[in-house]
Structures are given as structure tokens and as C-alpha cells.
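Asks: just to be clear, the model below is a prediction. Sequence and coordinates:
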Amino acid sequence: MQVIGRRARARRDTTTITVAGAVITALLAMLVVALPASARTIRPTSPSYDVRQILSGKSLGHWYTKAGSSKRHWERLSSPDDITIFGGDLFTTFQNGVGPQGQASTDGNRDSTIVEFTQGGQVIRKWDLRGKCDGLTANPATGQVIATINEDANSSLDSIDSWTGQVTHYQYSKQPLPHHGGTDAISFYDGQMLISASAPGATGTAAPNPAYPAVYSVSLDPSNQVAYVHALFYDESWATAANGPHAGASVRLGLTDPDSNEVVPATAPMYAGDFMVTSQGDKEQIYVHGPGTWYQHLTALALSQSVDDTAWATSWHGTFFGASTSTDTIEVVSGTFWPGTAFVAVTPCDANGAPATCPGPGYPPNYLGQLNMYTGKITPVSLHGPSFEPQGMIFVGS
């Protein structure tokens with residue numbers, strides 16, 4: 001890691017933070033006075049929420065055809081992951097044991113299943129997509145549900161029209177992709193489709209590599225079904241360290257596992273309005289201010305744990321919807337939330353250096369955590385109800 005310009009920037013940041021801190025403190029004091037009595041009793045440092053299950057893959061299924069065979073087989077849905085919302089309905093992907101490069105599952109299945117369901121858990125529609133669907137996001141401007149296929153290699157993209165149900169398959173404009181890996185999470189930022197360049201170096205030189213994009217800006221051409229990719233930034237781009245021994249200094253990134261991504265909501269205490277990508281194995285989040293502009297700037301936040309999805313509470317009342325891969329279920333987490341709180345799906349077994357046999361000592365199963373966006377420290381969240389081991393998550397305000 002290379003470091004430059006630490007002291008000068010630190011002096012400027014200290015002055016800025018002091019003034020900003022005074023303003024924020026005053027605003028928060030005014031906010032608390034204005035809150036209803038029930039909200040003022042919240043203890044944001046030790047929240048507790050209720051969990052209940054609304055959907056199970058064990059009660060759902062799909063027909064599939066094995067490679068080289070014309071006979072159809074039936075199986076239950078399994079391994080839900082990413083989750084998104086459009087028009088009040090939720091969509092999630094069940095990966096059904098398909099491998100990260102599109103390899104068939106142990107029973108010969110090669111298809112993931114996208115399920116549309118209500119917020120109460122009633123199934124509306126299902127689609128089978130060839131390969132492992134890892135990223136799933138709805139375009140709020142068009143209603144298209146975008147699915148990335150195969151997170152490690154042999155990657156492509158599918159678009160589902162949420163109105164008609166029609167599926168359009170796209171090939172990426174560069175094959176193999178420049179980072180020699182696959183594609184994962186998707187976010188829409190000011191009209192840009194931003195996709196994580198996952199598993200860098202899976203079919204080439206090992207990551208990190210300065211030539212490997214960490215995130216692609218993607219545009220779709222329906223006329224020839226091509227998804228054109230352009231690098232947003234790279235695995236070894238420069239960023240400002242938000243915490244750790246080089247806080248305030250410019251550091252060179254060394255990303256090996258770009259994975260989930262989100263747009264930070266206005267309620268967040270830090271980086272509001274930025275685009276964020278999590279490098280899961282590296283226990284790091286990269287916040288991108290002004291993505292795709294001439295003033296684009298990166299900030300790197302080191303985390304105390306490996307995480308998958310991050311979701312922010314945007315209102316006092318609402319619901320977190322989460323996919324538990326280990327139990328093949330979708331759960332809801334409900335309660336009263338402090339707006340701006342960042343919740344994370346903690347994934348200890350996905351950290352670089354995790355043991356081959358995992359979960360294990362010091363590496364528990366996935367759990368719901370609360371992220372301190374200033375320090376990167378993650379603390380477990382107290383929950384009541386069935387076991388919740390989240391992977392994909394989304395918050396829906398009410």
C-alpha cells in the first residue's frame with residue numbers, strides 16, 4: 001500500500017469535521033425534541049428486532065432439463081441470494097446449487113429461479129434463467145429487473161420486463177471480461193447501471209491487478225442484445241483511507257473480491273448519495289463520490305468483519321427483507337429503526353483467510369450486524385424469532 005499527502009489533508013479535515021460536527025450535533029438535538037415520545041425512547045446502540053419467515057424454497061419448485069437429456073425433472077428451490085423491489089413487489093433469486101461459472105448442480109440442474117412475491121410472501125410469478133444468478137436489481141426508471149449470470153466466469157446478463165414478463169438475454173461486449181472474472185451486484189445511479197466486477201483473475205493473472213476494473217458502467221443495446229462495459233475504477237485505483245493507520249491519506253487499493261454494491265441513501269450519517277461497493281474477502285467498502293464524473297473520488301473504509309449486502313434504514317418504521325441461503329428462506333426483520341442506521345449481512349466464512357472448514361471456531365455462520373460508518377466496526381444485532389443468517393438484504397420503508 002502506497003501513501004501520500006497525509007498531514008496536509010488531515011489538518012484540513014480536522015477543521016472541516018469540527019465545524020460539521022457542531023452543526024450536526026445541533027441538528028440532532030432539534031430532531032430529538034421534534035420526535036414522538038415513542039421514538040425518543042429508542043436506544044440505537046443496542047437495538048432489538050423481531051424476525052419472521054414469509055417464504056421458503058421448500059414450498060416452491062421448478063422443472064429443469066439436465067444437459068444432454070430431454071427428460072424434465074422437478075426440484076425444490078434453494079439458496080436464495082440477492083433481493084430487490086419494484087412496484088411494491090419483491091424479487092429474489094434462488095440459485096438452486098448452480099456453480100459460479102454456470103456448472104450444473106449435483107442433480108444436473110443448470111437454472112436459477114427468479115421469484116416475484118408480495119411483501120406478505122405470496123408468490124406472483126417465477127422465471128428460470130440459465131446459469132447462476134448472483135446479482136438482481138430493478139431499474140426504477142423502466143421496471144426492468146436486471147440479473148447478472150455467473151459470478152466467476154462465463155458471465156452474461158438477463159433483463160426481465162416486470163410488466164410483460166419477457167426475458168431478454170445479453171452478452172457482454174468484451175469476452176472474456178477485462179478483469180477475467182464474472183459479474184455480481186447491480187445498482188442504478190443517476191441513470192448509470194453499475195455492476196461489480198466479481199472474482200477478478202479467476203481465469204487470468206491473480207488479483208489485485210492494476211488493469212482489472214472493480215466496477216463496470218454498463219449500457220444495454222436491445223437491438224443486438226449486447227451489454228457494453230466501461231471501467232468505473234480499478235482494483236488498484238487510488239482512494240482516501242477513512243480509518244486505520246493511514247486515515248486521511250491517499251492509498252492504493254488492492255481489491256481481490258468486489259461483490260455487493262448499493263447507493264447510499266440521504267439518511268446515512270456518512271457518504272450520503274455516494275455509490276458503494278463491498279470487497280467482501282478484503283473486509284473493505286469503497287465509497288465513490290460522483291461516479292462517472294470528472295470529480296469522481298474514492299474513499300476506502302476498512303471493516304472489522306467480512307460482509308455481503310448492506311442496507312440502510314431510511315425511516316423510523318419499515319421492514320428489512322433478507323435471504324437466508326443456509327435455510328432456503330426469506331425473512332422479515334421488523335421494529336422501530338433509527339433512520340440512517342447501516343445494517344450488514346456479516347459473512348465470516350467469506351473473508352480472505354477463513355478456514356476451509358467453515359463455520360468453525362472464530363468463524364460463525366452469517367448474522368445480522370450494525371455498521372459504524374465512522375470506524376468500520378460491526379456489532380451483532382439482537383433479534384427475536386427464528387434463526388436469521390442473511391446474504392441478500394433490502395429495507396422497505398412504511
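Replies: That came through, no problem.

Asks: buried ones in stretch 287-299?
Replies: Using 16 or more other Cβ atoms under 10 Å as the test for burial, stretch 287-299 gives Tyr287, Val288, His289, Pro291, Gly292, Leu298, Thr299. To be clear about C-beta, it is placed using only N, CA and C from the backbone, and glycine gets the same treatment.

Asks: what does stretch 332-340 give?
Replies: Val332, Val333, Ser334, Gly335, Phe337, Pro339, Gly340.

Asks: also stretch 356-367?
Replies: Within stretch 356-367, the residues scored as buried using 16+ other Cβ under 10 Å are Tyr363, Asn366, Tyr367.

Asks: and if you look at stretch 386-398?
Replies: Neighbour-count burial for stretch 386-398 [16+ other Cβ under 10 Å]: Phe388, Glu389, Pro390, Gln391, Gly392, Met393, Ile394, Phe395, Val396.

Asks: need the mean per-residue confidence for the host helix or strand of the last one.
Replies: Using DSSP states H and E, Val396 falls within strand 392-397. Averaging pLDDT along strand 392-397 gives 96.

Asks: quick one: strands adjacent to that strand?
Replies: Within its sheet, strand 392-397 is paired with strand 317-324 (antiparallel), according to DSSP bridges.

Asks: and Gln175, what pLDDT?
Replies: For Gln175, pLDDT reads 94.

Asks: which ones are touching it?
Replies: With contact set as Cβ atoms under 8 Å, 6 or more residues apart in numbering, Gln175 has no partners.

Asks: any stretches of this protein with poor pLDDT?
Replies: Applying pLDDT under 70 to the chain flags the ranges 1-47.

Asks: and the most centrally placed residue in it, helix, strand or coil?
Replies: The C-alpha lying nearest the average C-alpha coordinate of the chain belongs to Ser260 (Cα atoms, centre = their mean; 3.0 Å). Following DSSP: H, G, I helix; E, B strand; the rest coil, the label given to Ser260 is strand.

Asks: returning to what we had before: what's the most distant pair in the buried residues of stretch 386-398?
Replies: For these, the farthest-apart pair by Cβ to Cβ is Glu389 and Val396; their separation is 20.2 Å.

Asks: separation between Ser326 and Phe275?
Replies: According to Cβ to Cβ, to the nearest Å, Ser326 and Phe275 sit 29 Å apart.

Asks: span of stretch 75-94 from start to end?
Replies: End-to-end distance for stretch 75-94, by Cα to Cα, to the nearest Å: 12 Å.

Asks: now it: buried residues?
Replies: 75, 77-86, 89-94.

Asks: stretch 50-70 now?
Replies: Buried residues in stretch 50-70 (16+ other Cβ under 10 Å): Val51, Gln53, Ile54, Leu55, Ser56, Gly57, Leu60, Gly61, His62, Tyr64.

Asks: can you tell me which of the residues you listed are in helices?
Replies: Using DSSP state H, no member of the buried residues of stretch 50-70 falls in helices.

Asks: and these as TSV, adding distance to Val115?
Replies: Formatted as TSV, the buried residues of stretch 50-70 follow (distance: Cβ to Cβ, whole Å):
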residue	distance to Val115
Val51	20
Gln53	15
Ile54	12
Leu55	8
Ser56	11
Gly57	9
Leu60	7
Gly61	11
His62	9
Tyr64	15
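
Asks: among these, which one lies nearest to Gly353?
Replies: Taking Cβ to Cβ as the measure, Gly353 lies nearest Val51 of the buried residues of stretch 50-70, at 29.9 Å.

Asks: what about the closest one, distance to Ala197?
Replies: 33 Å.

Asks: does the nearest residue to Lys174 once chain neighbours are set aside sit in a helix or strand, and which one?
Replies: Spatially, and ignoring its direct neighbours in sequence, Lys174 is nearest to Val229 (5.9 Å; Cβ to Cβ, 6 or more residues apart in numbering). For Val229, the element it lies in under DSSP H and E is strand 226-234.

Asks: what are the buried residues along the helix or strand just after that strand?
Replies: As assigned by DSSP H and E, the chain's next helix or strand after strand 226-234 is strand 238-241. Using 16+ other Cβ under 10 Å as the test for burial, strand 238-241 gives Ala239, Thr240, Ala241.

Asks: stretch 274-290 too?
Replies: 274-289.

Asks: quick check: the farthest pair among those?
Replies: Largest separation among these by Cβ to Cβ: Gly281 and His289, giving 24.1 Å.

Asks: about what we covered before: name the nearest of the buried residues of stretch 332-340 relative to Pro222.
Replies: Among these, Val332 lies closest to Pro222 (Cβ to Cβ), at 35.2 Å.

Asks: part of a helix, is that closest one?
Replies: No: counting by three-state DSSP, Val332 falls outside a helix, being strand.

Asks: how many other residues sit next to Ala104?
Replies: 15 (other Cβ atoms under 10 Å).

Asks: I'd assumed Asn96 was in contact with it.
Replies: No: taking contacts as Cβ atoms under 8 Å, Ala104 lies outside contact range of Asn96: 10.1 Å.
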